[in-house]
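Undergrad: Return atomic coordinates for the entry below.
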Amino acid sequence: MIVSAGKSYQGTDLQIERGPGFPHWTAAFFLSGLTEIVSGEQSYLHPGRSAMILAPRTPYRLTVLKPRQEIWMIFDPRPRMLQSLLPPEDPAAVTSVAFDDSAIWSDVQTGLRDLLRWWDSMPPQLLLAENAMEKVLLLARWTHGLQKQPILDERISRVTAHIEAQLHKELSVETLARIIGLSPSRLAHVFRERMGISPMQFLEMRRIEKAKHLLLTTDLPIYQIGQLIGFPNAQHFSIRFRKMIGQSPTTFRLNPQRRYGELHPEHE
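TA: Model prediction:
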C-alpha cells in the first residue's frame, strides 16, 4: 500500500533527519545531484541513477551536497513483498543501489513515471500505481545482487497459514513452535531468517492489516474489531494500531483517501 509518493527538487545544503519512530518503509530514487545519507555508522553517497530503500524505524540523516531531483515513496509492503525487501541473506535495514545497467535504469524510469501518473487516481487505476511501485522496488533489489529469492521453508508456510487462520486467538511462539515440532527459540531463529521479522511481529502485522480492512469496510465499533483480531481490549488495540500505522483507528477510519489496496486485499 502506498502511503504517499511524489517528485521533489532540492537545493544544496538541505538537511533532513528522521528518528527511529517512523512506522513506514521509505524509498528514494535519485535522478540527479548528489545526496549523502547517514544511518547508524554507515554513510552512503547517492548520485543520479541510484536508489535507497529504508525499513521502518530506521533513523537517518540526509544532506543534499549537489542540487538533486528525486522520486520518493512512503509505503507499507504487502506480505509477499517482505522477503524481497528484507531477504534472509541480506536482512539489512538499508538498501543502497546504483543502476549501472542502462536497460535496467530505463525500466526503473518507466516504472517511476507510471507510479507518479497513477498515484493520484481513484480505483481501479490506483492499482497501477501499486504495481509500478513494486516493480521499481524489485528492480532495485535485483540490481543489489539479490535476484534469487530463497524458497520459503515448508515449516514456515505452515506457521504463517496457522496465524492467518487464527488471528482472533491468543497465540505465542511456544504454541506456533509445537505445530511444526521445533523449540520456540529454533522457530524464532528460522522464521526471522526466512521472513526478516519475528513470528510475533508477523502476527501483529497481519492483525493490523485485517483491522485496516474492517475499519474501512464495516461499521463495527473499534472495540469489537480489536476483539475480532485478537486484542484483549480496545486500549491495547488502539495503542498497537497507532504505533504501526501512525494514527488511531478512529482517525484512520475517517480518512477520506481509502486506498485501493486496503479495500481490495484479494489482489495481494
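
Undergrad: quick one, helices of the chain?
TA: 82-85, 102-119, 126-143, 154-165, 173-180, 184-195, 199-217, 222-228, 234-245, 249-254, 260-263 (DSSP state H).

Undergrad: Which of those comes out lowest on mean pLDDT?
TA: When those are compared by mean pLDDT, helix 260-263 comes last with a mean of 44.

Undergrad: so what's Leu138 closest to, chain neighbours aside?
TA: Of all residues beyond its chain neighbours, the one nearest Leu138 is Ser84 (5.9 Å), with distances taken as Cβ to Cβ, 6 or more residues apart in numbering. For the C-beta atoms, the positions are set from N, CA and C on the backbone; glycine is no exception.

Undergrad: I'd assumed Ala140 was in contact with that neighbour.
TA: No - under the contact definition of Cβ atoms under 8 Å, Ser84 does not touch Ala140, with a separation of 9.6 Å.

Undergrad: Of these two, give the one with the bigger neighbour count.
TA: Comparing Ser84 with Ala140 by neighbour count (other Cβ atoms under 10 Å), the higher total belongs to Ala140, at 25 against 17.

Undergrad: list the contacts for that one?
TA: Ala27, Phe29, Ala51, Ile53, Thr95, Val97, Val108 (Cβ atoms under 8 Å, 6 or more residues apart in numbering).

Undergrad: between these, which is nearest Glu130?
TA: Nearest to Glu130 among these, counting by Cβ to Cβ, is Ala27 at 13.5 Å.

Undergrad: quick revisit: out of the contacts of Ala140, which is nearest to Glu170?
TA: Using Cβ to Cβ as the measure, the one of the contacts of Ala140 that approaches Glu170 most closely is Ile53, at 34.4 Å.

Undergrad: For that closest one, give me its contacts.
TA: With contacts defined as Cβ under 8 Å, 6+ apart, Ile53 is in contact with Trp25, Thr26, Ala27, Leu85, Val94, Thr95, Leu137, Ala140, Arg141.

Undergrad: now, which of those residues sits nearest Ser248?
TA: Distances from those to Ser248 were compared by Cβ to Cβ; the smallest belongs to Trp25, at 21.0 Å.

Undergrad: so the closest one touches Leu54, yeah?
TA: Yes - between Trp25 and Leu54 a contact is recorded at 6.9 Å, counting by Cβ under 8 Å.

Undergrad: circling back to that earlier point, need the buried ones from the contacts of Ile53 selected in PyMOL.
TA: The following PyMOL line selects those of the contacts of Ile53 that are buried, judged by 16 or more other Cβ atoms under 10 Å:
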select buried, resi 25+26+27+85+95+137+140+141
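
Undergrad: Save the contacts of Ile53 as CSV, and put in distance to Leu112 too.
TA: What follows is the contacts of Ile53, written out as CSV (distance: Cβ to Cβ, whole Å):
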residue, distance to Leu112
Trp25, 16
Thr26, 15
Ala27, 10
Leu85, 17
Val94, 20
Thr95, 16
Leu137, 11
Ala140, 11
Arg141, 15
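
Undergrad: Quick check: the farthest pair among the contacts of Ile53?
TA: Within the contacts of Ile53, two members stand farthest from each other by Cβ to Cβ: Thr26 and Arg141, at 14.9 Å.
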